[in-house]
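Colleague: What follows is a protein structure lacking sequence information:
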């Protein structure tokens, strides 16, 4: 369909052509004929170009309609010259961007659905246990048994509290709702503070703690670094047998300082090793107490601090977690390039 402006231009051109032809006929018949034929040809070329342009615009309009309906698999690249070609190429760029964002949105939806399913499962297990214990408590007269049931309920409540607390923490990190401090701290006091809450557990299970670290400074957030260390220690204890050993040592390089946390537990299989930092991942050797977010939280914290966490493990011999804290100058350089 030709728009009003194009129609007006065409009719105006035809009018001028007819008028010029009449004048030329008065002067000379051949000149009038040539003028008329030239006008007809020019008018035909004009209408052809207008139609071709409108066809391209209609094609673009169809592409837009398909994009609005969610179809982003369109090949609209145009290597020819002209305004319409530029418009098509820009439209292609927008379509590619929308396609990428749509794929990311679908990925996020799937991740959210899976996360909700995992959270539901993790909460359902202790809730079911507490409901059973609650029913047993109603009819139980023996004081010893009642205390045992209450102890189980308390344990499950602690598990739920830990899960919910860490989910909130990791959600804040994802949303960027937490401000990370970038100050100089010493690693030794943070490690000692993190270890305190595990002394009783290690004492009961006769797990030996060997602290051989040489203190070093790092740039980061004291509290969040403590959270990361605590979650790794918790994971190591869960996978270490009674009478086992936890060893802490450090290493300095020109680029970074490292804190190593080593256990002599069951180790991690080669199949599980690439996935242990994924949220809610349960490996073959995961304990019944594991919920699969502790290591994910630790890795997120280290990445927020421009650090890194690496794990090496041998099945049946144990695992070594390396927390790398890059030196201040390198942290600044990394921040500039991000």
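Modeller: Now that the structure is in, tell me what you want to look at. Remember, predicted model here, so these are calculated numbers, not experimental data. Residues are numbered from 1 along each chain as shown.

Colleague: which residues in the stretch 101-250 of the chain form strands?
Modeller: Using DSSP state E, counting those that start in this stretch, the strands of the stretch 101-250 of the chain run over 183-186, 208-211, 217-220, 245-252.

Colleague: Output those in JSON lines, with mean neighbour count appended to each entry.
Modeller: Using the backbone N, CA and C atoms, a C-beta is placed for each residue, glycine as well. Compiled in JSON lines, these are given as follows (neighbours: other C-beta atoms under 10 Å):
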{"stretch": "strand 183-186", "mean neighbour count": "13"}
{"stretch": "strand 208-211", "mean neighbour count": "12"}
{"stretch": "strand 217-220", "mean neighbour count": "20"}
{"stretch": "strand 245-252", "mean neighbour count": "17"}
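
Colleague: Any idea which of those strands gets closest to residue 163?
Modeller: Residue 163 lies closest to strand 245-252 among the strands of the stretch 101-250 of the chain, at 23.3 Å (C-beta to C-beta).

Colleague: avg pLDDT for that closest one?
Modeller: Strand 245-252 carries an average pLDDT of 95.

Colleague: repeat for stretch 170-180
Modeller: Here stretch 170-180 scores 75 as its mean pLDDT.

Colleague: and the end-to-end length of it?
Modeller: Taking C-alpha to C-alpha, to the nearest Å, stretch 170-180 runs 13 Å from one end to the other.

Colleague: Could you list the domains of this structure?
Modeller: Per automatic domain parsing, the structural domains of the chain span 4-99, 113-175, 183-337.

Colleague: Lowest average confidence across those domains, which one?
Modeller: domain 4-99 (a mean of 68).

Colleague: just how off-centre is stretch 237-247 within its chain?
Modeller: Taking the mean of its C-alpha atoms, stretch 237-247 sits 33 Å from the chain's own mean (C-alpha atoms, centre = their mean, to the nearest Å).

Colleague: Begin at 35 from now on, thanks
Modeller: All right, first residue 35 from here; so that's stretch 271-281.

Colleague: Now that stretch: buried residues?
Modeller: 271-274, 278-281 (16 or more other C-beta atoms under 10 Å).

Colleague: first vs last residue of that stretch, how far apart are they?
Modeller: Calculated as C-alpha to C-alpha, the first-to-last residue distance of stretch 271-281 is 11 Å.

Colleague: partner residues bridging the residue lying closest to residue 346 once chain neighbours are set aside?
Modeller: Distances taken as C-beta to C-beta, 6 or more residues apart in numbering place residue 354 nearest to residue 346, at 5.0 Å, with adjacent residues excluded. Note on residue 354: beta-bridge partners residue 296, residue 346, judged by DSSP bridges.

Colleague: And residue 190, how far from residue 271?
Modeller: 19 Å (C-beta to C-beta, to the nearest Å).

Colleague: that older thread, save the strands of the stretch 135-284 of the chain as CSV, and put in distance to residue 196 too.
Modeller: Output for the strands of the stretch 135-284 of the chain, formatted as CSV (distance: least, C-beta to C-beta, whole Å):
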stretch, distance to residue 196
strand 217-220, 25
strand 242-245, 21
strand 251-254, 23
strand 279-286, 20
